[in-house]
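S.K.: Structure here, sequence nowhere to be found:
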């Protein structure tokens with residue numbers, strides 16, 4: 001979510017309220033929000049997950 005605070009645009013988590021950046025333009029804030037949404041939905045394939053577990057790179 002994007003909120004305007006003190007004349008700046010702030011990208012915030014809807015659930016935790018965590019800040020993901022402060023921007024002077026709304027376009028920059030929207031760009032960052034799109035980046036966050038893209039990476040949030042990326043998930044490794046089952047084969048990739050199996051390989052990551054072996055290397056202890058996947059969070060439990």
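M.R.: Sure, I can see it. As the structure is a computational prediction, the values presented were derived from the model and not from experiment.

S.K.: so where do the strands sit in this structure?
M.R.: Taking DSSP state E, the strands of the chain run over residues 2-5, 8-12, 19-23.

S.K.: so which of those strands gets nearest residue 36?
M.R.: Smallest distance to residue 36 across these (C-beta to C-beta): 6.0 Å, for strand 19-23. (Each C-beta comes from the backbone N, C-alpha and C, glycine too.)

S.K.: and the closest one, what other elements does it pack with?
M.R.: strand 8-12, helix 26-40 (3 or more C-beta pairs under 8 Å, 6 or more residues apart in numbering; DSSP states H and E).

S.K.: List the neighbouring strands of the first one plus their orientation.
M.R.: Which is strand 8-12. Strand pairing for strand 8-12, using DSSP bridges, gives strand 2-5 (antiparallel), strand 19-23 (antiparallel).

S.K.: And for that strand, what's in contact with it?
M.R.: Among residues not part of strand 8-12, those counted as contacts by C-beta atoms under 8 Å, 6 or more residues apart in numbering are 1-4, 18-26, 28-29, 32-33, 36.
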